[in-house]
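1. What follows is a protein structure lacking sequence information:
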């Protein structure tokens, strides 16, 4: 999935305050000062905009800036990285919390290969530019292969081939790393860890609501409480753009993406005043009702009604604090066939996930069925959790046992489910333990807490209680 708080500050009020949005051209409105609210969009957008401004002078194009020689004798390729033990453990814990929540919703985990034939992957790349794909010649076959830039086409292939004898619907989850050419001002890495799902075989509102609920449950399982789903529908803008002369469509799409209503009025003069109205529309249910009332009968109005029904169904399932609407969403409307959404939270300065409906995807793999899904960017989600103060948890006990000649004490701890290793040199044990993230040191019959230096009589029980806390 391309990865791509309640925005309840996007609310109508008697004296709304207009906020400049870092999402190009978006204008939102905050409630009057002192009004009761949850997470305000103001706080979210100001933080995102600060990140945007801080990175706006750093482009990924052209020659890299000069820098001091690296201390690493064996440097990594640009955009690649290692995860050292502490970070790898945090990342694994986050992925487990997400996939565990998705499994509770019936999504079975699959593990696709890290590369495939490019001709297969490119059938389902959707909005991802072809230039972002890293290709190479597969030596066994001589065919062009590609490192996976997105897992959605891989899931589509698995369903169309390996699972073709099973009945729909298909509920599949994935967790792994995709690799892309670096793009975007703030993107430092091209190795992107993701968790996501694909729901194939469930059409319309039931499928859309199911994936939104699964995404919300996963975020909450990870410890995130303030986030917003920004919902749009590809069918709103598409017919209006297609009604324009071909020579105007690209400019009109760019203007709508930038919410440039004046430019849209000039481009579509006498053709489609609805385009500029979409660009001026806010993100509340009341704003959506006004657009619906002004829309002429047809597919665009039908899509607006579909978006309204989704909004109402989601609010009935506990999303009221977590929804904003975007009737002018055009990113990927040539790929998506209905719902489009992105997920935002304070901290990352970019979407931490997104997805939508792409009912034409499975047909490209010879198995036409409706499909909807989402992906979560674990890098952005980690930043959001740190920003919210939810990433720091009580450390899991890790015990270094000094001079354990027979290994019996370390074995006793491991049998109780506690991480334990032996260290032969008492003189260096504490320094070694601090360097490698151990929480306790066992020296003879004493158990020392490294953080405080406190010493108590050795016993497994206190460590077991802490492990289960």
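-> Yes, it's here. Everything numeric here is computed off the predicted structure, so don't read it as measured data. Numbers count the residues shown, from 1 in each chain.
2. switch to C-alpha atoms for all contacts and neighbour counts from now on
-> OK.
3. what about residue 136, helix or strand, and which?
-> Following DSSP states H and E, one finds residue 136 within strand 135-137.
4. Packing partners of the next helix-or-strand element following that strand?
-> Remark: after strand 135-137, the chain's next helix or strand is strand 144-147, criterion DSSP H and E. With contacts taken as 3 or more CA pairs under 8 Å, 6 or more residues apart in numbering; DSSP states H and E, strand 144-147 sits against strand 115-117, helix 118-121, strand 135-137.
5. For residue 153, which of the ones you listed is the nearest?
-> Of all the helices and strands packed on strand 144-147, it is helix 118-121 that lies closest to residue 153, at 5.7 Å by CA to CA.
6. From the rest of the structure, what touches that closest one?
-> 135, 144, 145, 146, 148, 153, 154, 157 (CA atoms under 8 Å, 6 or more residues apart in numbering).
7. hang on, the earlier thing: out of the helices and strands packed on strand 144-147, which is closest to residue 221?
-> strand 115-117 (30.2 Å).
8. Who does the closest one pair with, and is each partner parallel or antiparallel?
-> Paired with strand 115-117 in the same sheet, following DSSP bridges, are strand 144-147 (antiparallel).
9. tell me the mean pLDDT over the strand it pairs with?
-> Per-residue pLDDT over strand 144-147 has a mean of 93.
10. tell me which residues in that strand are buried?
-> 145, 146, 147 (16 or more other CA atoms under 10 Å).
11. Wait, the first one touches residue 135, no?
-> Yes. A contact is recorded between residue 145 and residue 135 when judged using CA atoms under 8 Å, the distance being 5.6 Å.
12. coming back round to it: from the buried residues of strand 144-147, which single one is nearest residue 344?
-> Proximity of the buried residues of strand 144-147 to residue 344 (CA to CA) peaks at residue 147, which lies at 27.6 Å.
13. Which residue, other than its chain neighbours, is closest to that closest one?
-> Once flanking residues are discounted, residue 147 sits nearest to residue 115: 4.3 Å by CA to CA, 6 or more residues apart in numbering.
14. Show the contacting residues for that neighbour.
-> Residues counted as contacts of residue 115 (CA under 8 Å, 6+ apart) are 145, 146, 147, 148.
15. about what we covered before: tell me how far the strand holding residue 136 is from the chain's mean position?
-> A distance of 28 Å separates the centroid of the chain from that of strand 135-137, by CA atoms, centre = their mean, to the nearest Å.
16. now do stretch 323-333
-> The chain centroid and the centroid of stretch 323-333 are separated by 17 Å under CA atoms, centre = their mean.
17. how near is the residue nearest to residue 295 when sequence neighbours are not counted to residue 248?
-> Excluding the flanking residues, the one nearest residue 295 by CA to CA, 6+ apart is residue 301, at 5.7 Å. Applying CA to CA, to the nearest Å, the value for residue 301 to residue 248 is 22 Å.
18. And residue 287, by the same measure?
-> Plainly put, residue 287 is 27 Å away from residue 248 if you go by CA to CA.
19. More neighbours: which of the two?
-> residue 287 (19 against 15; other CA atoms under 10 Å).
20. in what helix or strand does that one lie?
-> Element membership of residue 287 [criterion: DSSP H and E] is helix 285-294.
21. Show me which residues of that helix are buried.
-> For helix 285-294, a neighbour-count test (16+ other CA under 10 Å) marks 285, 287, 288, 291, 292 as buried.
22. can I get the residues you listed in a markdown table with pLDDT and distance to residue 175?
-> Compiled in a markdown table, these are given as follows (pLDDT from 0 to 100; distance: CA to CA, whole Å):
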| residue | pLDDT | distance to residue 175 |
| --- | --- | --- |
| 285 | 95 | 34 |
| 287 | 95 | 37 |
| 288 | 96 | 35 |
| 291 | 94 | 39 |
| 292 | 95 | 39 |
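23. Strand partners (parallel or antiparallel) of the strand holding residue 136?
-> Strands adjacent to strand 135-137 in the sheet, as given by DSSP bridges, are strand 144-147 (antiparallel).
24. and the next element down the chain from the strand it pairs with?
-> With elements assigned by DSSP H and E, the helix or strand that comes after strand 144-147 is helix 152-161.
25. Show residues contacting the following helix or strand past that next one.
-> Downstream of helix 152-161, the first helix or strand assigned by DSSP H and E is strand 170-179. The contact list for strand 170-179, computed with CA under 8 Å, 6+ apart, reads 95, 99, 102-103, 106-111, 114, 133-134, 147-151, 155, 159, 190-201.
26. So which of the residues you listed are in helices?
-> Among the contacts of strand 170-179, the members falling in helices (DSSP state H) are 95, 99, 102, 103, 155, 159.
27. and the first one, how many neighbours does it have?
-> By the other CA under 10 Å criterion, the neighbourhood of residue 95 contains 19 residues.
28. Save the buried residues of helix 285-294 as a markdown table, and put in distance to residue 123 too.
-> As requested, the buried residues of helix 285-294 are exported to a markdown table (distance: CA to CA, whole Å):
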| residue | distance to residue 123 |
| --- | --- |
| 285 | 36 |
| 287 | 37 |
| 288 | 34 |
| 291 | 35 |
| 292 | 35 |
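29. tell me which residues of the helix or strand hosting residue 384 are tucked away?
-> Per DSSP H and E, residue 384 falls inside helix 378-388. For helix 378-388, the neighbour count (16+ other CA under 10 Å) marks 378, 380, 381, 382, 383, 384, 385, 386, 388 as buried.
30. Let me see the domain layout of the protein.
-> 7-55, 85-388, 398-468 (automatic domain parsing).
31. I'd like the buried residues of helix 378-388 written out as TSV, with distance to residue 221 added.
-> Converted to TSV, these look like this (distance: CA to CA, whole Å):
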residue	distance to residue 221
378	14
380	16
381	12
382	13
383	16
384	14
385	12
386	15
388	14
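32. Let me know the closest of those to residue 453.
-> Taking CA to CA as the measure, residue 453 lies nearest residue 386 of the buried residues of helix 378-388, at 27.6 Å.
33. Just the pLDDT for the closest one.
-> Here, the pLDDT recorded for residue 386 equals 92.
34. circling back: between the helices and strands packed on strand 144-147, which one is nearest to residue 280?
-> Each of those has some distance to residue 280 by CA to CA; the shortest is helix 118-121, at 37.6 Å.
35. quick one: buried residues of that closest one?
-> 118, 120, 121.
36. just to revisit the earlier point, how far out from the middle of the chain is the helix holding residue 287?
-> Its chain's average C-alpha position is 29 Å from that of helix 285-294, according to CA atoms, centre = their mean.
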